[in-house]
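Enquirer: From the sequence below, what's the structure:
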Amino acid sequence: MLCKRIMLAAVLGVSMSSASAAVDYFPAVPVAELEAFFGTAPGAISAITPPPYYDPAVEGSGIKDSFGFAVGDVISFDYNFMTDELSPDLADDYAFVSIGGHVALLDHVLGSPASVSYPYELETGYLSFSLEVLETGTLDFGIGIVDAYDGMVDSALLIDNIKVMRGASEVYRNGFEDFDPLGAGIGDVAIGSDFFDMMPTEGSYQALISTAAVPLPPAVWLLFSGIAALMGLSRHQHRGS
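Expert: Numbering: from 1, shown residues only. Below you'll find the predicted structure:
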């Protein structure tokens, strides 16, 4: 499994929650609500939008949790970034990690190859992310995903196998086996065993967070994708002029 590793010079917090069930639908929320949820400064999530287009975040969803960390602990999780943005020039949606109110880019449309599962056109497949904690204390850690530039075409993130290693010992694990999405998150979040023919990387359950604002049938998303393509072409020509 591929691995992405990020080390931050200062880590203030870690948290994991979610807010939506597969039965009780909750839409993605405006980025200002995400910033309040993760405790970031206004504009912090848009500030990490990936180049070359630097599209600001519009709306999204996220989860978070807390744990008492020690210096040198390593927190890791598996994720699969999925999107219907067929070209990053249309809108480069992205996922991020939040550490005590500080955010860092996790993945985005440019990193997504062709999908092998319906309904998303592109996906990374499950990858592994890890982060070395450089501060002792009760830290908040969160994971989120946002629509960039517009909210017309959805992206989503599958998450599983969150754990903290202290040396050779596992001191924390969240595989979503006993996770209550209604008590721990914001936006469109669901817990399930099988999403789009993608199985959990461990255990029986995984989390899905998405940028979906309203539940629409596939035919409508195809229409929106066509409209977004025309908008992206216009935006590209404007940038090139």
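
Enquirer: alpha carbons only for contacts and neighbour counts from here, please
Expert: Noted.

Enquirer: wait, what's in contact with H108?
Expert: H108 makes contacts with 50, 81, 92-95, as judged by C-alpha atoms under 8 Å, 6 or more residues apart in numbering.

Enquirer: go with 10 Å
Expert: Going by C-alpha atoms under 10 Å, 6 or more residues apart in numbering, H108 touches 49-50, 81-83, 88, 92-96, 123-124, 145-146, 148, 155.

Enquirer: now I75
Expert: If you count contacts by C-alpha under 10 Å, 6+ apart, then I75 has 14, 69, 129-133, 141, 162-166, 170-173 around it.

Enquirer: For the nearest residue to it once chain neighbours are set aside, give its distance to Y53.
Expert: Of all residues not flanking I75 in the chain, V164 sits nearest, at 4.3 Å (C-alpha to C-alpha, 6 or more residues apart in numbering). Distance, V164 to Y53, using C-alpha to C-alpha, to the nearest Å: 34 Å.

Enquirer: Compare the two and say which is more crowded by neighbours.
Expert: Ranked by neighbour count (other C-alpha atoms under 10 Å), V164 and Y53 place V164 first, with 23 against 16.

Enquirer: Regarding the more buried one, which helix or strand does it belong to?
Expert: Taking DSSP states H and E as the criterion, V164 maps to strand 155-166.

Enquirer: Give the buried residues for that strand.
Expert: 155-165 (16 or more other C-alpha atoms under 10 Å).

Enquirer: Only C-alpha atoms, please: export it in CSV.
Expert: Only the C-alpha atoms of strand 155-166 are listed here, as CSV (Å, rounded to 0.1, in the frame of the first residue of the first chain):
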residue,chain,number,x,y,z
SER,A,155,-16.0,14.4,-4.4
ALA,A,156,-15.8,11.9,-1.5
LEU,A,157,-13.3,10.3,0.9
LEU,A,158,-13.4,6.8,2.3
ILE,A,159,-11.6,6.5,5.7
ASP,A,160,-10.6,3.4,7.7
ASN,A,161,-8.1,1.9,10.1
ILE,A,162,-7.2,5.0,12.2
LYS,A,163,-4.6,4.1,14.8
VAL,A,164,-1.9,5.6,17.0
MET,A,165,1.4,3.7,17.5
ARG,A,166,3.7,4.6,20.5
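
Enquirer: Who does the helix or strand that it is followed by pair with, and is each partner parallel or antiparallel?
Expert: Downstream of strand 155-166, the next assigned helix or strand under DSSP H and E is strand 169-174. Paired neighbours of strand 169-174 in the sheet (DSSP bridges): strand 155-166 (antiparallel).

Enquirer: Give the rounded mean pLDDT of the strand it pairs with.
Expert: Taken as a whole, strand 155-166 has a mean pLDDT of 94.

Enquirer: lowest-confidence helix or strand of this structure?
Expert: Lowest on mean pLDDT, DSSP states H and E among the helices and strands of the chain sits strand 3-7, with a mean of 30.
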